[in-house]
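Q: Next come a sequence and a model predicted from it.
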Amino acid sequence: MNPEDAVGAMGALGGLLAGGIVMILVLIVVMAVVPVILYWKIISKTGNAGPIALLMLIPLVNLIVIYWLAFADWPALRQAGGVSPQPGGYPPPYPQQSYPPPAPPQYPPPQFQQPPQFQQPPSQFHPDPSRFQTPPSHFAPPPPPPQLGPTPPAAPAAGAFMFCGNCGSKLPAGTQFCTNCGGRTS
């Protein structure tokens, strides 16, 4: 091998090595500068000074800065009226609301009205009784309801009443069958 060729090969190798070192240095600078620019914007949006992002270049200090950002009160939220109720807490979802939220309004309990005594049930739920039995005569009293099983217990005290589970009509307490719809009461 010619000494001149060896010197040329060494020069080419040195140039390749220098170019590689320059590329690695450029890559390191880009990998350091791009995150600093991003953190600068993020820290500025929180209302803090943007140059704090330069601390992200120092190992271990960058972790402290991230935790400080996560748990500190942000001045931008304080200016917008969204101050969190406790330091490091989340801001309220709507700045107009106060915390704790106001108690819901107290409404009076609903007043239930008793159904009318002679209200006919709707035809879609109860069939027309005239289709299944002969209508009662106006001169004869209606037949007594059929008795199933042993004799019923003694009648309850006067003035006690209950409502039919089918049609809602008012019945004397202890009645087994409704006088309005003929259904069995429970």
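A: Nice, thanks for sending it over. Residues are numbered from 1 along each chain as shown.
Q: how about Met162, secondary structure?
A: The three-state assignment at Met162 reads strand, by DSSP: H, G, I helix; E, B strand; the rest coil.
Q: For it, which non-adjacent residue is spatially closest?
A: Spatial nearest neighbour of Met162, excluding adjacent residues (Cβ to Cβ, 6 or more residues apart in numbering): Ala173 at 5.1 Å. No exception for glycine: its C-beta is placed from N, CA and C like everyone else's.
Q: looking at it, that neighbour is touching Phe161, isn't it?
A: Yes: counting by Cβ atoms under 8 Å, Phe161 is a contact partner of Ala173 at 5.7 Å.
Q: measure the residue nearest to Met162 to Phe163 for me?
A: Per Cβ to Cβ, to the nearest Å, Ala173 is found 10 Å from Phe163.
Q: cool, Pro110 as well?
A: Pro110 sits 17 Å away from Phe163 when distances are taken as Cβ to Cβ.
Q: between those two, which one's more packed in?
A: Neighbours were tallied for Pro110 and for Phe163 using other Cβ atoms under 10 Å; the higher tally belongs to Phe163 (14 against 6).
Q: where's Val33, which helix or strand?
A: helix 3-45 (DSSP states H and E).
Q: those strands in this protein, which residues are they?
A: Per DSSP state E, the chain carries strands over the ranges 161-163, 170-172.
Q: Among the ones you listed, show me which one is buried the most.
A: The highest average neighbour count among these, using mean count of other Cβ atoms under 10 Å, belongs to strand 170-172 at a mean of 15.
Q: Quick check: which helices or strands does the helix holding Val33 pack against?
A: Secondary-structure packing of helix 3-45 (3 or more Cβ pairs under 8 Å, 6 or more residues apart in numbering; DSSP states H and E): helix 61-71.
Q: The helix it packs on to helix 3-45, inter-axis angle?
A: Angle, helix 61-71 to helix 3-45, by axes from the mean of the first three to the mean of the last three Cα atoms, to 10 degrees: 20 degrees.
Q: what pLDDT, on average, does helix 61-71 get?
A: Average pLDDT, helix 61-71: 88.
Q: Buried ones in it, by neighbour count?
A: For helix 61-71, a neighbour-count test (16 or more other Cβ atoms under 10 Å) marks 62, 65 as buried.
Q: got the contact list for it?
A: Helix 61-71 is contacted by residues 39, 42-43, 46, 48, 52, 55-56, 88 when judged by Cβ atoms under 8 Å, 6 or more residues apart in numbering.
Q: Among those residues, name the buried ones.
A: Buried among those by 16+ other Cβ under 10 Å: 39, 43, 46, 48, 52, 56.
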